[in-house]
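Peer 1: Next come a sequence and a model predicted from it.
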Amino acid sequence: MGSFGFSPGEPHDVVINPNGSATIYGAYNATVHSLNITGNRDQLVTFNLNNGSTATTDWTTGTTLNNATLTGSGRLEGGLNVWDGSRVNVDKGQVMQLTGGNVYNNGTIRVLGTAADTATLEATSSVENGSNGKINLQNANVSFLNGLSNYGQLNVTSGISNVAGYIFNNVGGKIILSGTNDTTFWDTVDVEAGSELRVSAGSKAVFFGEVFQRTDSIFSGSGNKFYEGGLSVGNSPGLGVDAGNVSFGAGNTYLAEIGGLNAGTEFDKYQVAGKLSFGGTLKLMWWSNFSAQAGNAFDLFDWGSSEGTFSTIDTSGAQLANGLNWDFSKLYINGEISVAAVPVPEAVWLFGSGLGLLALKIRRKNNLVS
């Protein structure tokens, strides 16, 4: 921070509040107690990490942006608060690391690269995107190594982007993929009731982690979703509705919990408006100690069109009583599975009939003798 004419150190609470626009360049290695960068909406106040390391020791306060911008490659250590009107800009070719403290964003975080030169953001502690917060990605590699709790918007536009780390999409939160993009989510994505995951036409989302689609969450858009790490709908059990196209990859496990006879409330129901491509494993599991009887049917899937089959159907978690079998003959016709009684083999039936006739003859003979 040589712009000051001296070097602030660990004991100092540094406030940068210029009368006009200014750009402040970080040092190669600087440590202060806290850092507050403040401007107003008529000024452009920017702190550039300048390929160096800026650390704060007061991890409760850390670095605060008020109508200011953080940018540049480098490391910011000790936590970050981005207030409304402030921005974090990571441009093409830049790599920004946020370490050692939590990140709260109620402004805008932009990680905007190009097809030839991506932009990278890594956060090692938990990140919370507030209700007014926006995280905008384009040709970006983003790692939320301790998870993202999203109450605002995570927006991904054209290009190829990668998102790592557990994502918890809270009530009111939106994950929006639009503008012909190809986005890969490498870890768990949990979409709560009252939140939205949108994959618009021409866009594609690939999920290598498990996805939880809670009842009353919104899966909108006519784009394509590819599940490779597991999909579970509802709230043990519940209803999952998707407006687009869905593919279950070879490594995917779709979990269907069954706890009664009512679709969407007592057993999992999955409705896909577009094409549903089956693959991977269908895993059945009893819920709340339910046990099915002969004649019970469960309509697990609805679709606009379908193709493929599950490579494996795992019934180990939904075993039937002796004399009952699972019937999957209608699974790829109308999405229904059912429970049927095991038919008595013909030889056993004939043997039983013979014993019955023999007993009848013996009774008749005894009657004649008496």
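Peer 2: Received it, and whenever you're ready, just let me know what you need. Quantities reported herein were computed from a predicted structural model and do not represent experimental measurements.
Peer 1: I'd like the average pLDDT over stretch 309-327.
Peer 2: Per-residue pLDDT over stretch 309-327 has a mean of 98.
Peer 1: quick one: contacts for the closest residue to Ile218 other than its chain neighbours?
Peer 2: Distances taken as Cβ to Cβ, 6 or more residues apart in numbering place Glu196 nearest to Ile218, at 4.1 Å, with adjacent residues excluded. For the C-beta atoms, the positions are set from N, CA and C on the backbone; glycine is no exception. Going by Cβ atoms under 8 Å, 6 or more residues apart in numbering, Glu196 touches 169, 173-176, 217-220.
Peer 1: Val206 now?
Peer 2: With Cβ under 8 Å, 6+ apart, Val206 has these contacts: 182-185, 226, 228.
Peer 1: continuing past the longest strand along the chain, what's the next helix or strand?
Peer 2: Longest strand in the chain, counting residues (DSSP state E): strand 269-278. Scanning forward in sequence from strand 269-278 by DSSP states H and E, the next helix or strand is strand 281-286.
Peer 1: Who are the packing partners of that following strand?
Peer 2: For strand 281-286, the packing partners by 3 or more Cβ pairs under 8 Å, 6 or more residues apart in numbering; DSSP states H and E come out as strand 253-258, strand 312-317.
Peer 1: Could I get the average pLDDT for that strand?
Peer 2: On average, strand 281-286 scores 98.
Peer 1: next one: stretch 101-120
Peer 2: Here stretch 101-120 scores 97 as its mean pLDDT.
Peer 1: and it, how far apart are its ends?
Peer 2: Between the opening and closing residues of stretch 101-120 lies a distance of 18 Å (Cα to Cα, to the nearest Å).
Peer 1: Equivalent analysis for stretch 186-202, please.
Peer 2: 21 Å.
Peer 1: Show me what counts as buried in that stretch.
Peer 2: Judged by neighbour count using 16 or more other Cβ atoms under 10 Å, the buried positions of stretch 186-202 are 187-192, 195-200.
Peer 1: Those into CSV, with extra columns for pLDDT, secondary structure and distance to Asn245?
Peer 2: Below are the buried residues of stretch 186-202 laid out as CSV (pLDDT from 0 to 100; DSSP: H, G, I helix; E, B strand; the rest coil; distance: Cβ to Cβ, whole Å):
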residue, pLDDT, secondary structure, distance to Asn245
Asp187, 98, coil, 23
Thr188, 98, coil, 22
Val189, 98, strand, 18
Asp190, 98, strand, 22
Val191, 98, strand, 17
Glu192, 98, coil, 23
Ser195, 98, coil, 21
Glu196, 98, strand, 17
Leu197, 98, strand, 14
Arg198, 98, strand, 14
Val199, 98, strand, 9
Ser200, 98, coil, 12
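Peer 1: quick one: which of these is nearest to Val211?
Peer 2: Nearest to Val211 among these is Val189, at 5.0 Å by Cβ to Cβ.
Peer 1: now what about stretch 137-149, what contacts it?
Peer 2: For stretch 137-149, contacts defined as Cβ under 8 Å, 6+ apart pick out 90, 92, 111-115, 117-129, 135, 154-168, 170, 181, 183.
Peer 1: ok, which stretches of this structure are helices?
Peer 2: Under the criterion DSSP state H, helices of the chain are mapped to 331-334, 346-369.
Peer 1: could I get the shortest one in PDB with only the CA atoms?
Peer 2: What follows is helix 331-334, C-alpha atoms only, in PDB (Å, rounded to 0.1, in the frame of the first residue of the first chain):
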ATOM      1  CA  LEU A 331     -42.100 -48.800 -16.100                       C
ATOM      2  CA  TYR A 332     -41.100 -47.600 -19.500                       C
ATOM      3  CA  ILE A 333     -44.600 -47.500 -20.800                       C
ATOM      4  CA  ASN A 334     -46.300 -45.200 -18.300                       C
END
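Peer 1: now that helix: mean pLDDT?
Peer 2: Mean per-residue pLDDT for helix 331-334: 98.
Peer 1: Name the residues of that helix that are buried.
Peer 2: Leu331.
Peer 1: For that helix, name the packing helices and strands.
Peer 2: The helices and strands touching helix 331-334, judged by 3+ Cβ pairs under 8 Å, 6+ apart, number zero.
Peer 1: can you list the weak-confidence ranges in this protein?
Peer 2: 1-7, 344-370 (pLDDT under 70).
Peer 1: And Ser53, how far from Asn224?
Peer 2: 41 Å (Cβ to Cβ, to the nearest Å).
Peer 1: nope, Gly39 is what I was after
Peer 2: Gly39 sits 42 Å away from Asn224, going by Cβ to Cβ.
Peer 1: repeat for Val171
Peer 2: Between Val171 and Asn224 the computed distance is 26 Å (Cβ to Cβ).
Peer 1: quick one, which of the two is more surrounded?
Peer 2: Neighbour count, other Cβ atoms under 10 Å: between Val171 and Asn224, Asn224 has more, with 20 against 12.
Peer 1: Pretty sure that one sits against Ala243.
Peer 2: No - Asn224 is beyond contact range of Ala243, at 11.6 Å (criterion: Cβ atoms under 8 Å).
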